[in-house]
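>>> Generate coordinates for the sequence data below:
(chains A and B)
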Amino acid sequence: KAGVTQTPRYLIKTRGQQVTLSCSPISGHRSVSWYQQTPGQGLQFLFEYFSETQRNKGNFPGRFSGRQFSNSRSEMNVSTLELGDSALYLCASSLADTDTQYFGPGTRLTVL
Amino acid sequence: GQNIDQPTEMTATEGAIVQINCTYQTSGFNGLFWYQQHAGEAPTFLSYNVLDGLEEKGRFSSFLSRSKGYSYLLLKELQMKDSASYLCAVRDGDSNYQLIWGAGTKLIIKP
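Okay, here's the model as predicted:
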């Protein structure tokens, strides 16, 4: 089975722009979670989707949003980018919301 | 509230054994996970414990005591490639089964 894929892998944006990141879960997985990780920091939870519904949301400003499609693929959007948004954005999928999460390679976002 | 504690950093010698501890406080425990993360890479799943006791997988073992809110990851016959961060995460059944993550333990292996 193919693993979790994320596109793009690397992205450079400037302050004020917006960005959309994409995540394709492992085939058959219906739950997708998004995390932000800055250098030397742990995983900061953004949100979790299950069957197109947002089940959990972390403590991030409204500039961060996401959605999940009927095929379980997910996107997250960050509007009005700030320098502090530079990070590795990780997506993880699981069969259901109680199962083991498997991570994609991440999207490394640099905001200049 | 929800809280997970792990040591920030540990150092061990190649060929030795190291134990990484994790203590947690969550209102609705529904399983504990260990992940390994090499610098610049994504976390990879190592182990899952939901019942008390020891789970062994090759050189890696994970232990859970639900009554003490405590787990440890035991790494034997350490290799240089084991240098990584080790993340402990607990699934909280009272928070829509959200995974609560520790900050991770950076393990440095010396020759």
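
>>> When you work out contacts or count neighbours from here on, use the C-alpha atoms and nothing else.
Noted.

>>> Can you report how many residues lie near residue 77?
The chain I'm using is chain A. If you count neighbours by other C-alpha atoms under 10 Å in any protein chain shown, A:Asn77 ends up with 14.

>>> oops, I was thinking of chain B
13.

>>> you'd agree it is up against B:Gln19?
No. Taking contacts as C-alpha atoms under 8 Å, B:Glu77 lies outside contact range of B:Gln19: 11.9 Å.

>>> Quick one: residues contacting residue 49.
No chain was given, so I picked chain A. When contacts are counted by C-alpha atoms under 8 Å, 6 or more residues apart in numbering or on different chains, A:Tyr49 touches A:31-33, A:55-56, A:67-68.

>>> not quite, I wanted chain B
Counted by C-alpha under 8 Å, 6+ apart, B:Asn49 has contacts B:31-33, B:55, B:62-64.

>>> what pairs with it across the strands?
Here B:Asn49 sits in beta bridges with B:Leu32, going by DSSP bridges.

>>> how about the nearest residue to the most centrally placed residue in chain A, chain neighbours excluded?
Against the mean C-alpha coordinate of chain A, by C-alpha atoms, centre = their mean, the closest residue is A:Trp34 at 3.5 Å. Spatial nearest neighbour of A:Trp34, chain neighbours left out: A:Cys91 (4.6 Å); criterion: C-alpha to C-alpha, 6 or more residues apart in numbering or on different chains.

>>> on that earlier part again, so which of the contacts of B:Asn49 is the most crowded?
B:Leu32 (27 neighbours).

>>> per-residue confidence at that residue?
B:Leu32 carries a pLDDT score of 96 in this model.

>>> so what's the residue nearest to A:Pro8 when sequence neighbours are not counted up against?
Excluding the flanking residues, the one nearest A:Pro8 by C-alpha to C-alpha, 6+ apart is A:Thr107, at 6.1 Å. A:Thr107 makes contact with A:6-11, A:21, A:88-90, according to C-alpha under 8 Å, 6+ apart.

>>> Narrow the residues you listed to those that are buried.
Neighbour counting over the contacts of A:Thr107 (16 or more other C-alpha atoms under 10 Å in any protein chain shown) leaves A:6-7, A:21, A:88-90 as the buried ones.

>>> quick one: which of the residues you listed is nearest to chain B?
Here the nearest of the buried ones among the contacts of A:Thr107 to chain B, counting by C-alpha to the nearest C-alpha, is A:Leu90; it sits at 7.2 Å.

>>> pLDDT score assigned to the closest residue to chain B within chain A?
Proximity to chain B, evaluated over chain A using C-alpha to the nearest C-alpha, is greatest for A:Gly42 at 4.4 Å. The per-residue pLDDT reported for A:Gly42 equals 83.

>>> And B:Leu78, by the same measure?
98.

>>> SS state for A:Gly84?
Here A:Gly84 is recorded as helix under DSSP: H, G, I helix; E, B strand; the rest coil.

>>> can you tell me which residues contact it?
Taking C-alpha under 8 Å, 6+ apart, one finds A:Val111 in contact with A:Gly84.
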